[in-house]
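Q: structure, please.
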Amino acid sequence: MFASINRPGWRDGAVQHGNTRVRVALFVGLMSLSITACGESAIEKAKRRHDWVQENGTFGELCVATKAVQEAYFDANDMEQFNFWHTSADAACANAQLLGASTPVKEAVSQESDGSR
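A: Here you go, the predicted model:
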């Protein structure tokens with residue numbers, strides 16, 4: 001009896017059930033935010049890697065990095081960006097096959113702008 005007076009609803013199953021619903025709703029909401037944040041950070045991480053590879057990597061690495069960005073957008077359910085990066089990945093992988101996977105990107109780009117290729 002004192003427990004009921006000191007803690008209203010402490011033994012009332014409906015109140016406990018209601019608190020559980022609130023806790024579950026908060027947990028699900030926080031998890032949704034967490035998943036969204038993870039998706040955004042995965043995209044940014046993949047894009048940073050892609051930018052680094054464009055400056056310092058090879059065409060083989062650029063193919064892989066571009067596909068990683070594409071997959072990050074797929075995981076984030078952004079189909080417009082996924083389609084854009086899908087086309088970019090196809091082009092990057094075609095360049096890797098034509099120019100050689102171990103060819104440095106920057107070297108090939110500078111040769112192309114000089115007209116040597």
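Q: where in this structure is pLDDT low?
A: 1-40, 113-117 (pLDDT under 70).
Q: now do 90
A: Residue ranges of the chain with pLDDT under 90: 1-41, 106-117.
Q: buried stuff in stretch 98-116?
A: For stretch 98-116, a neighbour-count test (16 or more other CB atoms under 10 Å) marks 99, 103-105, 108 as buried. The C-beta positions use only the backbone N, C-alpha and C, and glycine is treated the same way.
Q: go through those residues and name the one nearest K67.
A: The nearest member of the buried residues of stretch 98-116 to K67, counting by CB to CB, is V105 at 15.1 Å.
Q: quote the end-to-end distance of stretch 70-81.
A: Start to finish, the residues bounding stretch 70-81 are 8 Å apart (CA to CA, to the nearest Å).
Q: what comes up buried for it?
A: Within stretch 70-81, judged by 16+ other CB under 10 Å, the buried ones are 70-73, 76.
Q: want to throw the residues you listed into a markdown table with secondary structure and distance to E61?
A: Formatted as a markdown table, the buried residues of stretch 70-81 follow (DSSP: H, G, I helix; E, B strand; the rest coil; distance: CB to CB, whole Å):
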| residue | secondary structure | distance to E61 |
| --- | --- | --- |
| Q70 | helix | 15 |
| E71 | helix | 15 |
| A72 | helix | 16 |
| Y73 | helix | 19 |
| A76 | coil | 23 |
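Q: nearest to K45, of the residues you listed?
A: Using CB to CB, A72 is the member of these that lies nearest K45, at 7.7 Å.
Q: go ahead and confirm that closest one touches A42.
A: Yes - applying CB atoms under 8 Å as the test, A72 and A42 come out as touching, 4.6 Å apart.
Q: much appreciated, bye for now.
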